[in-house]
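Q: 3D, please:
(one chain, ligands or ions: 1)
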Amino acid sequence: MFATRECVQESQVMDLFKVFAAVSAMLFMAFVDCAIVNADQTKVEDFDSIQLYTLRNSSGMTVKVTNYGAIITSIMVPDRDGKFADVVLGYHHVEDYMNAVDKPYFGAIVGRYGNRIAFGKFSIDGQDYKLAVNNNENHLHGGVIGFDKVVWKTALIQGDDWTGLELTYLAKDKEEGYPGNLDISVKYILTNKNELKVEYLATTDKATPVNLTQHSYFNLKGEGEGTILDHELMLSAKRYTPVNSSLIPTGEMPVVKGTPFDFTAAKSIGRDIQVENEQLAFGLGYDHNFIIDRIGEGDGMVLAARVYEPTSGRVMEVHTQEPGIQFYCGNFLDGRLKGKSGKPYVNRGGFCLETQHYPDSPNQSNFPSCILKPGAEYRTATSYSFSTSK
Ligand code: BGC
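A: Sure thing, here's the model as predicted:
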């Protein structure tokens, strides 16, 4: 017998045009208020509907997802006493996602290439490509209008012991400079065991780099509840990819042993973060790709990270098929952004664990290839499992 499960399409929040048409025409768009926007229809070029869905499992865990940027806006999980808190950073209004200062990419699916590509340039089969550049001289997270800023199509999906939402998007040939029409599906699957699985699938009609990832910022105490420096992190990674001053990998893959980057045994995120170290100085803290330990060449699901927050007892484990994981600890948050509950998101008020191919892979032949060819499938999955410990 299976416990009750539901997938509620919570609110048809508003109608509005596709983001890049005219962000400025959007007035009041609260996700939770079910408000219908009184947009100036004469300016509308391409109408779309932005919605917020709530996935709810049999133990009361909820995950909210909007079809704007495939963004996870909330994850409610219990602490060791059964008290629920929202453990991801985000906003109350969709317009805040659209206009965010310094673009933190809260909760979004980033792509077509998550992370950086040096100078926005690469070549495939002798053909040079030039991407939109949006992070100093580099390309970051898919460019000016990446997948975090487009409206996705949705379909509710359901299994015996899970509920979910599938989001699809067709990225056009030359969008942000990338070659090929890329057909993408992302499935968010919430199981009754408090596991959120993200399944990615993409196909293309021209060879193209693809590197999709989930950009949630976690704070297992609850969003807005101060820094994450006391969270204890374990990364299954004996090596990492150091960067230059613009956060592009140098191509080296040294061992973490004996450096502040050694999380092979759990330690608090804050323990070594102030150590004098050139890599920490470049990232203003941790903002680095770790190479996930794998036995053999397989790409099955492995445990990549485990995080424990001592006051609440909450634990999150990340399993993935990807070769790398970017550990970013919110170094660019500075307290100016106010979150869902009105509390400022302080420096290091959230951490990301972005499962991925290594940054700048299209230009680094010694890294695992991220090139998807016509006729092949980009198929990968990552899961975030929540539990508690004493
Ligand atoms: C990157 C950071 C960047 C942040 C927000 C992370 O994935 O590693 O360098 O500042 O995203 O854009």
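Q: So what pairs up with the residue in the stretch 151-300 of the chain that the ligand sits nearest to in the strands?
A: When scored by Cβ to the nearest ligand atom, the stretch 151-300 of the chain has residue 287 as its residue closest to the ligand, at 4.6 Å. Glycine gets a C-beta too; all of them are placed from N, C-alpha and C. Note on residue 287: beta-bridge partners by DSSP bridges are residue 328.
Q: Can you pull the residues of the stretch 151-300 of the chain lying near the ligand?
A: Residues of the stretch 151-300 of the chain found near the ligand (Cβ under 6 Å from any ligand atom) are 247, 287.
Q: pLDDT weak spots in the stretch 151-300 of the chain?
A: Applying pLDDT under 70 to the stretch 151-300 of the chain flags the ranges 296-297.
Q: doesn't residue 390 make contact with residue 315?
A: No. With contact defined as Cβ atoms under 8 Å, residue 315 does not count as touching residue 390 (10.4 Å).
Q: For those two, indicate the residue with more neighbours.
A: Neighbour comparison, residue 315 and residue 390: the larger count goes to residue 315, with 18 against 5 (by other Cβ atoms under 10 Å).
Q: what lines up beside the helix or strand hosting residue 85 in the sheet?
A: Element membership for residue 85 (DSSP states H and E) is strand 84-86. If you go by DSSP bridges, strand 84-86 pairs up with strand 71-78 (antiparallel).
Q: Name the residues of the strand it pairs with that are buried.
A: By neighbour count with 16 or more other Cβ atoms under 10 Å, strand 71-78 contains the buried residues 71-78.
Q: how about residue 317, phi and psi?
A: Note on residue 317: its backbone torsions stand at phi -110, psi 140 [degrees, to the nearest 10].
Q: So what's the residue count around it?
A: Using other Cβ under 10 Å: residue 317 sits among 17 other residues.
Q: thinking again about what came up before, I'd assumed residue 329 was in contact with the residue of the stretch 151-300 of the chain closest to the ligand.
A: Yes. Applying Cβ under 8 Å as the test, residue 287 and residue 329 come out as touching, 7.3 Å apart.
Q: For residue 316, list the residues it contacts.
A: 87, 218, 220, 305-307, 384-386 (Cβ atoms under 8 Å, 6 or more residues apart in numbering).
Q: Surely it is within a strand?
A: Yes. Residue 316 sits within a strand when classified using DSSP: H, G, I helix; E, B strand; the rest coil.
Q: Drop anything exposed from the contacts of residue 316.
A: For those, a burial check counting by 16+ other Cβ under 10 Å picks out 87, 218, 220, 305-307, 384-386.
Q: for those, which one is nearest the ligand?
A: For these, the closest approach to the ligand (Cβ to the nearest ligand atom) belongs to residue 218, at 13.2 Å.
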